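Q: pasting the structure only:
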């Protein structure tokens, strides 16, 4: 009864191999989202450390904790970082950043680092918003679309759903794929409605996998509408927490006849890595 | 005769075992999605154990609540407003109205001499008020008890949307981003919940000021209830085990 189904696993890592003292520039990025906070430290073009934590009620504290955890047990301190860029919903609250850059540019930059320069379409699936970004051949943004207000709170609603269904949040996607055929999706307008409707499906005798499928299909359908507005291509990169939900990503691939690019990095880190890379550009241009 | 009522809500399920108008035992558990039928069995056997009874000792079981069909052993099922009405009349014979505020729904039931005269439910957009509070509590790093215990009115200018739970949550995050203390954010959210419930009270029925009963899980939230009393000017009668009202009502019906 005390298991917290909604809680997703936090993570952190610090390299033990990189000799950061020998690198030319050490920069950092912090992405303070409404629900999760990430930090990334880059030594030139290499990721040195990161942390991915849940955002607490105090955004300054969350950002500080993420930076401390990325530094880990290494000898590096905040003073060794030449330049730090903040991004995300709560970025204005961080005192140790030199500059704030919008999420669009940071996610685009981070996704290009993670997936290579071929990536043209980046879709950030966050706790509150869904953003679709289309890039020019080089690193300029050509188009950008965000969900409308009524579709806010997508990622948060999934936490609520995990709790109500008592399904661990990281297993929701996989379990939803156990159906032979997707049932009709639940309401695609509002997540408060979608949650109520999904729970109501049990009354009609739906199995857990079918309820999850109807629910995640509705979310995928809503994201599909947002992506459709930026002239999608065959391949795209998903970033943000929901990029880890296979129930959403697999359905989007199927419905949009597209392939989601994968990488060795946690897709939630895109904003922070992008911010750290933008910080490096700033240092190198100076 | 010994009877029982089981109320399967969207968030939690409750069981009451009744003998001659006296509650012998209560049981509660989280509803838990696909496992709901199993959790019903679990809460049921816990309640039976607490009452030192066997299933065969129970004369009749009536189920209510959104998931009433998951109580496979129920002899009968009844819609929620009727169960609320039975509980209210039993607890307060003079009651003329019962307001049930739960995790997902808010309901107003008026009672005449011969039974229910009117039922008003929340509009769709007011769904999930109880669930909203739980979600906000997580974000604020507070327990529901801590939020409930916050006294005082919200600070001036600190408000969240009182029309939609999704927008309310977004506004609450905006307040945190402006470094508004989390206690004030919590007060603002609870005030918005009270505004929303009050609008349902004023929708069609104007509940009596002194003979209205308040039940449901949200009635345990002192801050919400205080705000609601202030706004509606209703002095609610709140029973001790308000969240078990639906289950109690079902058990009473089974006994009749």
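A: Yes, it's here. In this text, all values refer to a predicted model and were calculated from it rather than measured experimentally.
Q: need the mean per-residue confidence for the helix or strand that contains residue A:160.
A: Counting by DSSP states H and E, the element that carries residue A:160 is helix A:154-165. Averaging the model's pLDDT scores along helix A:154-165 yields 92.
Q: is chain B contacted by that helix?
A: Yes. Using Cβ under 8 Å from any Cβ of the partner chain, helix A:154-165 reaches chain B at A:156, A:157, A:159, A:160, A:163, A:164, A:165. Bear in mind the C-beta positions are built from the backbone N, C-alpha and C, glycine included.
Q: look up how far chain A lies from the residue located most distally from the centre of chain B.
A: What lies farthest from the middle of chain B is residue B:178; by Cα atoms, centre = their mean that is 32.8 Å. Residue B:178 sits 9 Å away from chain A when distances are taken as Cβ to the nearest Cβ, to the nearest Å.
Q: residue numbers of the stretch 101-250 of chain B in contact with chain A?
A: Taking Cβ under 8 Å from any Cβ as the test, the list of the stretch 101-250 of chain B residues beside chain A reads B:104, B:124-125, B:127-128, B:131, B:134-135, B:138-141, B:164-167, B:169-170, B:173, B:176-177, B:179, B:182, B:185.
Q: do that again at 10 Å, thanks
A: B:103-105, B:124-129, B:131-132, B:134-135, B:138-142, B:164-170, B:172-174, B:176-183, B:185-186 (Cβ under 10 Å from any Cβ of the partner chain).
Q: helices - which of the residues you listed land there?
A: Assignment to helices by DSSP state H places the following of those there: B:129, B:131-132, B:134-135, B:138-140, B:165-170, B:172-174, B:176-177, B:182-183, B:185-186.
Q: got the residue ranges for the helices in the stretch 51-200 of chain A?
A: A:59-71, A:103-115, A:154-165, A:172-176, A:191-200 (DSSP state H, counting those that start in this stretch).
Q: would TSV of those helices with mean neighbour count be doable?
A: Formatted as TSV, the helices of the stretch 51-200 of chain A follow (neighbours: other Cβ atoms under 10 Å in any protein chain shown):
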stretch	mean neighbour count
helix A:59-71	21
helix A:103-115	25
helix A:154-165	24
helix A:172-176	21
helix A:191-200	23
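Q: any chance of TSV for the ones you listed, columns distance to residue A:128?
A: Below are the helices of the stretch 51-200 of chain A laid out as TSV (distance: least, Cβ to Cβ, whole Å):
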stretch	distance to residue A:128
helix A:59-71	14
helix A:103-115	11
helix A:154-165	7
helix A:172-176	19
helix A:191-200	11
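Q: in stretch A:230-249, what counts as buried?
A: By 16 or more other Cβ atoms under 10 Å in any protein chain shown, the buried positions in stretch A:230-249 come out as A:230, A:232, A:236-249.
Q: from those, which shows the smallest pLDDT?
A: residue A:232 (85).
Q: can you list the domains in the chain?
A: Reading this off chain A. Chain A breaks down by automatic domain parsing into domains covering A:11-112+A:268-285, A:120-260.
Q: should've been chain B
A: In the domain annotation for chain B, the residue ranges read B:2-83+B:244-255, B:94-238 (automatic domain parsing).
Q: low pLDDT regions in the stretch 51-200 of chain A?
A: Along the stretch 51-200 of chain A, the parts satisfying pLDDT under 70 run over A:138-139.
Q: residue of it closest to chain B, please.
A: residue A:165 (3.3 Å; Cβ to the nearest Cβ).
Q: any idea how many residues pack against the nearest residue to that residue once chain neighbours are set aside?
A: Nearest residue to residue A:165, sequence neighbours excluded (Cβ to Cβ, 6 or more residues apart in numbering or on different chains): residue B:33, at 3.3 Å. Residue B:33 has 23 neighbours, counted by other Cβ atoms under 10 Å in any protein chain shown.
Q: show the contacting residues for residue B:33.
A: Residue B:33 makes contact with A:5, A:161-167, A:198-199, A:202, A:208, A:211-212, B:10, B:39, B:67, according to Cβ atoms under 10 Å, 6 or more residues apart in numbering or on different chains.
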